[in-house]
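**Student:** structure of the sequence below:
(one chain, ligands or ions: 2)
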Amino acid sequence: MKEVWTSIASLLGALAFFQSILQAVFPPQLRFTIAKLSHRLFQCFSTYCYFEITETDGVNTNELYNAVQLYLSRSASVSASRLSLSRALNSSSFTFSLSNNDQLVDTFNGATATWEHVVTQRQNPSFSWRAIPDEKRGFTLSIKKKDKPIILQCYLNHIMLTAAQLRHLNQDRLLFTNSRGGALDSRGHPWESVPFKHPSTFDTLALDPARKLEILLDLRDFADGQAFYKKTGRAWKRGYLLYGPPGTGKSSLIAAMANFLGYDIYDLELTEVHSNSELRKLLMKTTPKSIIVIEDIDCSINLSNRSSAGKVTVPCSGPDSVVHGVDDVNSSSSSSSSSKTITLSGLLNFTDGLWSCCGSERIFVFTTNHIEKLDPALLRSGRMDMHIFMSYCSFPALKILMKNYLDWDFDGEENGDEDELLKELEEVVDGAEMTPADISEVLIKNRRFEKRQAAKELLQVLRNRVLAKRKKSNGNEVMMEEEQEKRALESPKEDEETMVNHNEKKNNAGKDK
Ligand SMILES: Nc1ncnc2c1ncn2[C@@H]1O[C@H](COP(=O)(O)OP(=O)(O)OP(=O)(O)O)[C@@H](O)[C@H]1O
Ligand SMILES: [Mg+2]
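**Tutor:** Ligands and ions are numbered 1, 2, ... in the order given. Sure thing, here's the model as predicted:
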């Protein structure tokens with residue numbers, strides 16, 4: 001043992017001696033070159049290779065640095081003893097990262113990768129118009145030379161992918177709007193965002209369970225379908241048209257979709273968009289994994305049939321509050337006017353043109369109360385792939401509302417009283433034609449009652465509604481009969497003439513035969 005210590009001491013002594021000779025004999029410039037050379041020499045004999053990943057690559061932020069930081073945060077949270085903690089903007093979760101000059105060992109495909117977070121003070125900062133941080137940060141990755149050709153590329157790809165997934169998980173959903181009417185923010189962004197906190201989920205949504213499952217499977221297939229879309233040469237996007245009376249849950253379904261997939265929502269206000277090119281710019285500034293929504297499409301833009309071209313009216317907020325344009329695909333002569341308006345073809349290209357696939361993994365959702373008002377070109381597969389009718393409350397949907405609002409247990413033991421009540425509700429709910437929004441309101445009002453009492457109150461409301469509807473339709477029939485009689489009395493001449501013409505026609509037809 002004594003010999004070992006003696007040899008270490010003499011080695012250190014020799015090193016110190018060489019260093020003092022180096023400093024005394026060689027000028028600083030030469031010293032630096034010698035140090036560099038010796039470093040190279042060391043690298044030649046070393047079995048490891050090293051990669052520096054700096055925070056900035058000259059001017060721009062190095063994406064890889066951020067990705068490595070996030071990727072290591074996953075392992076750092078369990079295996080390192082000293083960690084930096086942070087919370088990103090719009091995120092509700094904390095991120096762990098390696099502290100300055102700490103190391104962490106990771107394994108990938110059987111190979112070992114050692115990461116070191118290197119932080120040094122920046123010396124003599126050179127002049128720059130941009131604010132330069134005092135610290136220079138970077139990661140050093142060391143892997144065995146023999147592993148480099150096998151793992152390096154796929155390891156870095158794996159890091160980028162994992163980081164993107166983690167970023168997405170850590171980030172709260174955002175709800176974007178273009179309500180600034182084309183004005184850009186300080187970063188040149190046309191969208192404004194707020195955290196998206198809508199609590200609607202597929203569990204809270206009152207929808208026929210079979211239909212719900214169909215939508216869920218479709219969404220899951222879409223989200224997992226990257227390879228499929230690539231193989232079939234399709235842009236990775238999907239369109240849903242939600243239609244039905246007000247209060248049937250169209251907006252709630254969009255929120256449930258976003259919560260299910262973990263996507264952001266871009267709520268596109270078409271009346272704030274003044275031209276097709278503005279629409280394209282908005283599209284280009286959306287991110288993947290997002291739902292682009294146009295609510296009440298029939299109200300926000302007056303779309304005429306593409307083939308009949310014609311006037312497309314966009315209510316604008318500018319001085320010319322109503323702008324008339326002509327479809328820019330069908331008319332070349334009107335290019336000047338169409339460039340200042342948004343047209344049907346602009347919207348069609350937005351959803352299924354070449355520009356619609358800039359970025360990927362995007363869902364388009366349009367909602368309307370009047371599907372019959374929409375141009376068939378907008379509804380075709382490829383644009384609106386799935387048409388979802390949101391109907392008045394059916395019995396299966398009512399059961400979901402009762403479960404959520406009254407804690408009604410449909411899986412519990414059979415109970416004669418409750419079964420009878422449910423049967424009565426089932427008989428009456430379709431005829432009442434009440435929306436889930438109306439029924440929820442009744443349930444909210446009655447939630448202080450015991451659940452059976454609340455269900456009875458609801459039954460009464462449904463029955464009253466059926467009666468009122470019957471009365472109304474009877475009243476309408478009587479009114480129509482009265483109207484006809486009145487008309488017959490008021491214009492007997494007209495009726496006589498009609499009869500004469502009718503008889504003449506009949507006689508002529510007989511002669512022809
Ligand atoms: N299918 C449903 N399931 C659960 N709640 C619903 C459903 N439909 C409506 N509601 C309730 O009614 C309210 C209004 O629903 P929502 O805004 O989703 O309707 P909508 O179909 O988008 O209406 P509009 O056509 O007027 O925009 C929601 O806050 C929600 O609580
Ligand atoms: Mg709505």
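**Student:** got the phi and psi for Lys285?
**Tutor:** Main-chain torsions, Lys285, degrees, to the nearest 10: phi -90, psi 10.
**Student:** contact partners for it?
**Tutor:** Contacts for Lys285 (C-beta atoms under 8 Å, 6 or more residues apart in numbering) come out as His189, Pro190, Trp191. The way it works is simple: take the backbone N, C-alpha and C, and place the C-beta from them, glycine included.
**Student:** in what helix or strand does the second one lie?
**Tutor:** Pro190 is part of no helix or strand when elements are defined by DSSP states H and E.
**Student:** quick one: pLDDT of it?
**Tutor:** Pro190 is assigned 85 on the pLDDT scale.
**Student:** quick check: it vs ligand 1, distance?
**Tutor:** 24 Å (C-beta to the nearest ligand atom, to the nearest Å).
**Student:** surely that residue and Lys281 touch.
**Tutor:** Yes: using C-beta atoms under 8 Å, Pro190 is in contact with Lys281, at 6.4 Å.
**Student:** what about the two, which has more around it?
**Tutor:** Pro190 (20 against 15; other C-beta atoms under 10 Å).
**Student:** tell me which residues touch the more buried one, please.
**Tutor:** Asn178, Arg180, Gly182, Ala183, Leu184, Glu278, Lys281, Leu282, Lys285 are the contacts of Pro190 under C-beta under 8 Å, 6+ apart.
**Student:** quick one: name the residues of the chain near ligand 2.
**Tutor:** Lys250, Ser251 (C-beta under 5 Å from the ion).
**Student:** could you rerun that using 8 Å?
**Tutor:** Residues of the chain that fall close to ligand 2, judged by C-beta under 8 Å from the ion: Pro246, Lys250, Ser251, Ser252, Glu295, Asp296, Thr367.
**Student:** show the buried residues in the residues you listed.
**Tutor:** Lys250, Ser251, Ser252, Glu295, Asp296, Thr367 (16 or more other C-beta atoms under 10 Å).
**Student:** where's the residue in the stretch 351-500 of the chain that ligand 2 sits nearest to, which helix or strand?
**Tutor:** Nearest residue of the stretch 351-500 of the chain to ligand 2 (C-beta to the ion) works out as Thr367 at 5.9 Å. Under DSSP H and E, the secondary-structure element containing Thr367 is strand 362-368.
**Student:** what's around Gly233, how many residues?
**Tutor:** 6.
**Student:** and His387, how many neighbours?
**Tutor:** 14.
**Student:** I'd say it and Leu241 touch.
**Tutor:** Yes: with contact defined as C-beta under 8 Å, His387 reaches Leu241; the gap is 4.8 Å.
**Student:** tell me, what's touching the two both at once?
**Tutor:** In contact with both His387 and Leu241: Ile371, Leu379, using C-beta under 8 Å, 6+ apart.
**Student:** how far away is the most centrally placed residue in the chain from Met257?
**Tutor:** Nearest to the mean C-alpha position of the chain, counting by C-alpha atoms, centre = their mean, stands Ser290 at 2.2 Å. Using C-beta to C-beta, to the nearest Å, Ser290 is found at 11 Å from Met257.
**Student:** what do these two both touch?
**Tutor:** Tyr263, Ile363.
**Student:** residues in contact with the closest residue to ligand 1 within the stretch 201-350 of the chain?
**Tutor:** Among all residues of the stretch 201-350 of the chain, Gly249 sits closest to ligand 1, at 2.7 Å; criterion: C-beta to the nearest ligand atom. Contact analysis of Gly249 by C-beta under 8 Å, 6+ apart lists Leu205, Ala206, Leu207, Met390, Pro436, Ala437.
**Student:** thank you, goodbye.
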